[in-house]
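Asker: Next one to model:
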Amino acid sequence: MSVQNIIKHLTKLIELHDSLLQVSQNKTEILKDNKIDALQKLLVQEQKHVQAINQIEQKRIDAVANWANENNLDPKAITVSTIIEDYTTGADQQQLEQVTLKLAEQLMDIRRQEDLNKQLTKQSLQFVQLSLDMMQPSIKNINYGKSKNQSEPTASKRSAFDSKA
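Answerer: Residues are numbered from 1 along each chain as shown. Below you'll find the predicted structure:
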């Protein structure tokens, strides 16, 4: 068996990751616009993408294991990188390397986009917390009378009119 089955699964992973990147970019815009209902719908869509990616990833793992078994190699020790470096040549090697690099680039793009989304979410939560704190001030901060911690001046409590002649 050639590496074409592995390449097919990697290509499908690239397509799914490209779609996931689009979802992530849409999530960024929704977070900026503070649209909670749209965000909930998008999270469901994102979860479906992740499930599909996991299924194809499992098929890719199986394809690599099948390739290793057919070539009398240990399936647990073989990775796509070792196939590229040690076991393929020519067009197969070049094609496998291209799809692997493309997938790695997409994963980095998704990671950057999700880091941005994480920062936006964190800032939004900080703003909500600040707003709640402003609406419900702490009782400790309310000073309408003398504090119990303030000491009375111990100097003479006599006024100028009570002085002795």
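Asker: just checking, what packs against the one helix or strand Leu125 maps to?
Answerer: Leu125 belongs to helix 90-135 when assigned by DSSP states H and E. Packed against helix 90-135 by the contact rule (3 or more Cβ pairs under 8 Å, 6 or more residues apart in numbering; DSSP states H and E) you find helix 4-33, helix 80-82. For the C-beta atoms, the positions are set from N, CA and C on the backbone; glycine is no exception.
Asker: Please repeat the previous calculation with a cut-off of 7 Å.
Answerer: Packed against helix 90-135 by the contact rule (3 or more Cβ pairs under 7 Å, 6 or more residues apart in numbering; DSSP states H and E) you find helix 4-33.
Asker: List the contacts of stretch 34-54.
Answerer: Outside stretch 34-54, the residues that touch it by Cβ atoms under 7 Å, 6 or more residues apart in numbering are 13, 16-17, 19-20, 23, 26-27, 30-31.
Asker: What sits closest to the residue most central in space within the chain if chain neighbours are left out?
Answerer: Per Cα atoms, centre = their mean, the C-alpha nearest to the average position across the chain is that of Glu114, at 4.2 Å. Among residues not flanking Glu114 along the chain, Ser24 sits closest, at 5.9 Å (Cβ to Cβ, 6 or more residues apart in numbering).
Asker: any idea how far the one you found is from Leu103?
Answerer: Ser24 sits 16 Å away from Leu103, taking Cβ to Cβ, to the nearest Å as the criterion.
Asker: Kindly report the same for Gln94.
Answerer: For Gln94 relative to Leu103 (Cβ to Cβ), the value is 15 Å.
Asker: Same question for Leu43.
Answerer: Distance, Leu43 to Leu103, using Cβ to Cβ: 24 Å.
Asker: The two - which one has more neighbours?
Answerer: Comparing Leu43 with Leu103 by other Cβ atoms under 10 Å, the one with more neighbours is Leu103, at 18 against 13.
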